[in-house]
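Participant: just a sequence and a predicted model for now, questions to come.
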There are 2 protein chains.
Amino acid sequence: MELTLSPTIKKIERKSLVSPKGFTATGIHCGLKHKKKDLALVISDVPASVAGVFTTNAIQAAPLKVTKDVVYTTGKMQAILVNSGNANACTGKQGELDALAMQQLASDQFDIAPNLIGVASTGVIGEPLPMAPIIHGVAKLAPNNELTGALDFAQAIMTTDTIMKTTSYATTIDGKEIVIAGVAKGSGMIEPNMATMLGFITTDAAIESADLQAALASITDKTFNSITVDGDTSTNDMVLVLANGLAGNQTLNPAHPEWQTFIDALQMVAQDLAKMIAKDGEGATKLIEVKVSGAISEQEARIVAKSVVGSPLVKTAVFGCDANWGRIIAAVGYSGATINPDTITIKLGDILVVENSEPVKFSEEQAMNYLKQHEINISVDLNNGPGQGLAWGCDLTYDYVQINASYRS
Amino acid sequence: MELTLSPTIKKIERKSLVSPKGFTATGIHCGLKHKKKDLALVISDVPASVAGVFTTNAIQAAPLKVTKDVVYTTGKMQAILVNSGNANACTGKQGELDALAMQQLASDQFDIAPNLIGVASTGVIGEPLPMAPIIHGVAKLAPNNELTGALDFAQAIMTTDTIMKTTSYATTIDGKEIVIAGVAKGSGMIEPNMATMLGFITTDAAIESADLQAALASITDKTFNSITVDGDTSTNDMVLVLANGLAGNQTLNPAHPEWQTFIDALQMVAQDLAKMIAKDGEGATKLIEVKVSGAISEQEARIVAKSVVGSPLVKTAVFGCDANWGRIIAAVGYSGATINPDTITIKLGDILVVENSEPVKFSEEQAMNYLKQHEINISVDLNNGPGQGLAWGCDLTYDYVQINASYRS
């Protein structure tokens, strides 16, 4: 379920990737896009432990192959070079060479071994990556640990995003301040399992890569994998976490007494990013949060929540401020989860609309006014078990169609 | 794969449910909708063998329970009473009583045992079915075997449909003319497994119910379950086939030498209806047909085809006449089917755009002109096995959003 702020974890206003000790970042315009920033870099002062999750799409872009190799073989990472405007996907052998060239360019420029450098790309699929702008661009990158560096990075990874997505939290472990910060991009083509999303998280916590991977895995389903915009999953998406240890805490592992504090702070970062991505779904005007309780398991609760928040009919009804709970219950029914068809309760905000699978009299006007808000909560109680889960998405609008009917033009 | 007309099967222009011997039909306005026809009836002169497929949604509307009981318990059916304008779904115990009352009304009016009468409803979910209009309406039903009766039926089952969906074919079995005809409704909320679709097929062939069920099952995945409009599946959908035996052929069964001819004719009817439903997807301007070859099995080919035709990004790109094959290959990748990421070939009509998973130079102008047609063919060859399959869908447009943002208003 949604994690709320605990007394031991505090939100840091603004700043992001550079909030933890020992990270610098930047973002510039190199020429892959017409005008906007399109090349981003984050560097740790020292090699960091690394964890990653990657798209489950069977077609994977070239940079994923290169970056996976760093995560799974080197097990450490010190820098990430990201371009937007071109996905370097379905670009064949040349695409793989170009991804390796990006890695090598960053290596030469910042004097870091290539196998400590991750690369990521986002944008149009199937066009060769223009290397000249990247070559010139990398030479100009000057990362810093100021707010501007963090914001430039956040801007430079955006594609159809309309807002920058950054967040940071601080907590205390072993008496040391630990900071975890994140940045993400993604709006359309967002679904389970990392679809067209890039997420980068930095922390100064000390933790080995294997434990960091376990920590990331434990919160991914509850955060990044619980959002959906249009159900499409992409060839390029990844979330990377770098932990450089400069906070000076005792190395974290599941036996550490403050392990859960670290997990919670990491979840807060991931949850913030996930919700920002859902809210910024292409053409979206509203964030929709679906909370499911009474499922036979936490996993099934999330399946039902994603089915409801992913339904095009629910999404258009929310756009139209129409309290059409029939579409909600239909989406519960086809979710594939185990349900009792006679025990379902549904609320829109605090307005009870269905009880024991039958309609309840409610004020249509009150419901319509509720649905005019920018954050809509739909609660579904299956009354069939202990499982609870959340998913986030957005409404489906004319602008979604417009944006995607002409993305390449 | 798509079946094309064989010399032994001929299309009958117009007419529909009443084309086979011994069927009459009608449709009237009874008052569930403001003005349009909303009550439909088809009757066989004699009890007919019956087969049915029903929604897999765990939430099932009351009429489905009643009709399933006829199909699975009686095993014969003589009449089907259908209303549009109200789905009688999520209406609790009263809804079940109302569905049974519909059955009883038709029984009394036409002097047919209730357990030989199927009922179906389509429309808004969760509002009690107004019985007064139905009571008055049933008393006025006067089925006939003229074209008007068939068309009135076809009109009376429509909801957001913009076109009537009817088809008929004739063939010869045992030297007798056998006619198979069908009518369907459905536009939004169409997906695998019978989503918000009603389909009724009549034939004068002689065949036992169990064999008819096997025949229907053998063609459902290739036809009704191979279309998608928005991925939502509904609480109400069903396809029923009535076979009254009045053609006088030897009773058909899989050992009959002309069994395959019957199956083919049935598939032609179902395929026509399925394609009409896909083409009439809410707000659609184009029918999209995706043909997949080279999959490891026929089933996996259909999975890939449905993944492509169901992708909101592919659908909006087709609407925008944008040859964005990257979205096609991404949808192939996330379909879940077994693929080789390096051997995929994609064509838009005859225009080769991807070969061995890499882009091919093509004329954007020629591709855009092709995508301006009203029937778009996308071919995907996985080059990974013998499996072939088809799926049909439509583009995603502003009008889809408009229709569904205000369906209840």
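Facilitator: Cool, the structure landed.
Participant: distance of the residue in the stretch 1-150 of chain A positioned nearest to chain B from residue B:332?
Facilitator: Going by CB to the nearest CB, chain B is nearest to residue A:125 of the stretch 1-150 of chain A, at 2.7 Å. Using the backbone N, CA and C atoms, a C-beta is placed for each residue, glycine as well. Using CB to CB, to the nearest Å, residue A:125 is found at 12 Å from residue B:332.
Participant: ok, now residue A:389?
Facilitator: 30 Å.
Participant: pull out the buried residues from stretch A:339-353.
Facilitator: Neighbour-count burial for stretch A:339-353, counted by 16 or more other CB atoms under 10 Å in any protein chain shown, picks out A:339, A:344, A:345, A:346, A:347, A:348, A:349, A:351, A:353.
Participant: not including adjacent chain positions, what is the nearest residue to the last one?
Facilitator: Beyond its immediate neighbours in the sequence, the residue positioned closest to residue A:353 (CB to CB, 6 or more residues apart in numbering or on different chains) is residue A:325, lying 4.5 Å away.
Participant: also the second one?
Facilitator: Excluding its sequence neighbours, the residue lying closest to residue A:344 (CB to CB, 6+ apart) is residue A:357, at 4.6 Å.
Participant: poorly predicted segments of the stretch 51-200 of chain A, please.
Facilitator: Low-confidence segments of the stretch 51-200 of chain A (pLDDT under 70): A:187-196.
Participant: what residues does it put near chain B?
Facilitator: By the rule CB under 8 Å from any CB of the partner chain, the part of the stretch 51-200 of chain A lying against chain B is A:56-60, A:87, A:89-92, A:124-127, A:188-189, A:195.
Participant: please repeat the previous calculation with a cut-off of 6 Å.
Facilitator: Within reach of chain B by CB under 6 Å from any CB of the partner chain, the stretch 51-200 of chain A has these residues: A:57, A:58, A:59, A:90, A:92, A:125, A:126, A:189.
Participant: which among those residues end up buried?
Facilitator: A:57, A:58, A:59, A:90, A:125, A:126, A:189.
Participant: could those residues go into a markdown table alongside distance to residue B:374?
Facilitator: Below are those laid out as a markdown table (distance: CB to CB, whole Å):
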| residue | distance to residue B:374 |
| --- | --- |
| A:57 | 31 |
| A:58 | 32 |
| A:59 | 30 |
| A:90 | 28 |
| A:125 | 27 |
| A:126 | 26 |
| A:189 | 26 |
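Participant: switch those residues over to CSV; also include secondary structure.
Facilitator: Listed next are those as CSV, based on DSSP: H, G, I helix; E, B strand; the rest coil:
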residue, secondary structure
A:57, coil
A:58, coil
A:59, coil
A:90, coil
A:125, coil
A:126, coil
A:189, coil
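Participant: from those, pick the one nearest residue B:284.
Facilitator: residue A:189 (21.2 Å; CB to CB).
Participant: by residue count, tell me the biggest helix in chain A.
Facilitator: helix A:259-279 (DSSP state H).
Participant: that one: what's the following helix or strand?
Facilitator: Note on helix A:259-279: by DSSP states H and E, the next helix or strand toward the C-terminus is strand A:287-295.
Participant: if you count contacts, what does that next one end up packed against?
Facilitator: helix A:298-310, strand A:375-381, strand A:387-394 (3 or more CB pairs under 6 Å, 6 or more residues apart in numbering or on different chains; DSSP states H and E).
Participant: out of those, which comes closest to chain B?
Facilitator: Using CB to the nearest CB, the helices and strands packed on strand A:287-295 put helix A:298-310 closest to chain B, at 8.0 Å.
Participant: does the closest one come close to chain B?
Facilitator: No - Helix A:298-310 stays out of contact with chain B when judged by CB under 6 Å from any CB, the minimum separation being 8.0 Å.
Participant: and residue A:254, that's in a strand?
Facilitator: No - per three-state DSSP, residue A:254 lies outside any strand segment and is coil.
Participant: roughly how far out does stretch A:341-350 sit from the chain middle?
Facilitator: With CA atoms, centre = their mean, to the nearest Å as the basis, stretch A:341-350 stands 29 Å off its chain's centre.
Participant: quick one: contacts of it?
Facilitator: A:323, A:325, A:328, A:353-357, A:367, A:370, A:377, A:379-381, A:383, B:58-59 (CB atoms under 6 Å, 6 or more residues apart in numbering or on different chains).
Participant: ok, stretch A:32-45 next?
Facilitator: So stretch A:32-45 is contacted by A:17, A:22-30, A:78-86, A:133, A:137, A:141, A:143, A:153, A:155-157, A:242, A:244 (CB under 6 Å, 6+ apart).
Participant: for that stretch, measure first residue to last.
Facilitator: Stretch A:32-45 has an end-to-end distance of 28 Å (CA to CA, to the nearest Å).
Participant: give me the element residue A:352 is part of.
Facilitator: Judged by DSSP H and E, residue A:352 forms part of strand A:351-355.
Participant: typo on my end, it should be residue A:43
Facilitator: strand A:39-54.
Participant: distance from the chain centre to that strand, please.
Facilitator: Centre to centre, stretch against its chain (CA atoms, centre = their mean), the figure for strand A:39-54 is 16 Å.
Participant: same thing with stretch A:96-107?
Facilitator: Distance, centroid of stretch A:96-107 to centroid of chain: 25 Å (CA atoms, centre = their mean).
Participant: and for stretch A:76-85?
Facilitator: For stretch A:76-85, the distance to the chain centre is 16 Å (CA atoms, centre = their mean).
Participant: which residues touch that stretch?
Facilitator: Taking CB under 6 Å, 6+ apart as the rule, stretch A:76-85 contacts A:32-33, A:38-44, A:47-48, A:50, A:70, A:102, A:106, A:112, A:116-123, A:157, A:159, A:242.
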